[in-house]
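>>> Please work out how this folds:
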Amino acid sequence: EKYNFYPSLPRQYMALVPSLLHTETPEKGCFLLSYLNETVTLSASLESLRGNQNLFTDLVVEKDLFHCVSFTLPKISSFSEMAFLSVQIKGPTQDFKKKNTVLVKNAPSLVFVQTDKPIYKPGQTVKFRIVSVDENFHPVSELVRISILMEPKGNRVGQWQSLKLESGLQQLAFPLSSEPIQGSYKMVVQKESGEKIEHSFTVEEVVLPKFEVKVHVPKIISILDEKVNITVCGIYTYGKPVPGLATVSMCRKLLHHFNCQKKEFCEKFSQQVNSGFILHFTNNEVSSCIYLQGMMM
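Prediction:
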């Protein structure tokens, strides 16, 4: 003889579904069924002004069941809409149906724009990428419109219409002419919702920063000094050292020709420097006047 262990226990049903559902994003619904004494069909559908959409249908033969299913809603024309989530459990002797109101919204996305550098010279190529992710940082494939505008007047110099971000990513390039208008440019990415994301870059003829050469020599050089210390430094206007080749000449200038020597006596030094260097000049000759000349290369 077969015994029924649930003669007086009532059947129990529970459905767990988010009250906010996002489109084009996997959503999950879970169902708890207890004390069933027959095979039933479990189904769920979404009812809206656009019609009914069946989310899933499953046959349940167990007496107790906890089951979760995944489903994905298609994108809607508006940003959000109200709908009814209908759950039905149907068997030979029972028919249970329940409706609840849910809010359906298009999945929000975050769009990022990045260029390979902030400043470009005329004739260079602006390389950039656009990334779209959802609130969980999963890639979102969506259509965007891209415009490159010249500020401040906003003249458009380039555009892409209905560009799809495959797997949430697109990498593009925009070549600059050899003689573009220099100044600030703005890249505007517009989503289907109308939201705009902006990113700026600059086009200019980059000029190497100016620098000065500082030379420190003793105010007085005696004929008794065996060595003369000279410090030579190249400094940019913003304070950083200038790397390069420093060439310095130390000369004794002849004011009067008392002997056969008519050429000036010079010592020449060259050294590769990163910040500055000190010369040690040996005063081997008796001199009436010594002067310094040099350059940074």
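>>> show me the contacts for the most centrally placed residue in the chain.
Nearest to the geometric centre of the chain sits Gln114, at 4.5 Å (Cα atoms, centre = their mean). Listed by Cβ atoms under 8 Å, 6 or more residues apart in numbering, the contact set of Gln114 reads 128-129, 131, 199. The C-beta positions use only the backbone N, C-alpha and C, and glycine is treated the same way.
>>> With respect to Ser34, which of the residues you listed is nearest?
Of all those, Ser34 sits closest to Val131, with 46.2 Å by Cβ to Cβ.
>>> tell me the contacts of the residue nearest to Lys105 when sequence neighbours are not counted?
Among residues not flanking Lys105 along the chain, Ser80 sits closest, at 4.1 Å (Cβ to Cβ, 6 or more residues apart in numbering). Residues near Ser80 by Cβ under 8 Å, 6+ apart: 103-106.
>>> Could you dump those residues into JSON lines with distance to Gly123 and pLDDT added?
Below are the contacts of Ser80 laid out as JSON lines (distance: Cβ to Cβ, whole Å; pLDDT from 0 to 100):
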{"residue": "Leu103", "distance to Gly123": "52", "pLDDT": "93"}
{"residue": "Val104", "distance to Gly123": "50", "pLDDT": "91"}
{"residue": "Lys105", "distance to Gly123": "46", "pLDDT": "88"}
{"residue": "Asn106", "distance to Gly123": "42", "pLDDT": "82"}
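>>> now, which of these sits nearest Leu49?
Closest approach to Leu49 among the contacts of Ser80 (Cβ to Cβ): Val104, at 10.9 Å.
>>> give me the beta-bridge partners of Ala83?
With DSSP bridges as the criterion, Ala83 is bridged to Val102.
>>> which residues sit in contact with Ser109?
Contacts for Ser109 were tallied using Cβ under 8 Å, 6+ apart; they are 132-134, 140, 142, 191.
>>> For the stretch 151-297 of the chain, which segments are assigned as helices?
With helices called from DSSP state H, counting those that start in this stretch, the stretch 151-297 of the chain shows none.
>>> pLDDT below threshold where in it?
Where the stretch 151-297 of the chain drops to pLDDT under 70, the residues are 209, 254-264, 275-297.
>>> and if we set it to 80?
Within the stretch 151-297 of the chain, the stretches with pLDDT under 80 are 152, 206-210, 221-232, 237-239, 244, 246, 249-269, 271-297.
>>> ok, which stretches of it are strands?
Ranges of strands in the stretch 151-297 of the chain, per DSSP state E, counting those that start in this stretch, are 155-164, 169-175, 183-191, 196-203, 211-216, 227-236, 244-252, 265-273, 276-282, 290-296.
>>> For the fourth one, name the packing helices and strands.
Think strand 196-203. With contacts defined as 3 or more Cβ pairs under 8 Å, 6 or more residues apart in numbering; DSSP states H and E, the packing partners of strand 196-203 are strand 109-115, strand 119-120, strand 183-191.
>>> List the buried residues for it?
Neighbour-count burial for strand 196-203, counted by 16 or more other Cβ atoms under 10 Å, picks out 197, 199, 201, 203.
>>> Can you tell me the strand partners of it and which way each runs?
In the sheet, strand 196-203 lines up with strand 119-120 (parallel), strand 183-191 (antiparallel) (DSSP bridges).
>>> Could you break this protein into its assigned domains?
12-106, 109-203, 211-296 (automatic domain parsing).
>>> Okay, and the nearest residue to Leu16 once chain neighbours are set aside sits in which element?
The shortest distance from Leu16 to any residue other than its chain neighbours is 4.4 Å, reached at Cys30 (Cβ to Cβ, 6+ apart). Taking DSSP states H and E as the definition, one finds Cys30 inside strand 27-34.
>>> Against which helices or strands is that strand packed?
The contact analysis (3+ Cβ pairs under 8 Å, 6+ apart) places strand 27-34 against strand 12-16, strand 40-48, strand 51-60, strand 65-71.
>>> after the shortest one, next one along is what?
When you say that, I think you mean strand 12-16. Going down the chain from strand 12-16, the next helix or strand is strand 20-23, by DSSP H and E.
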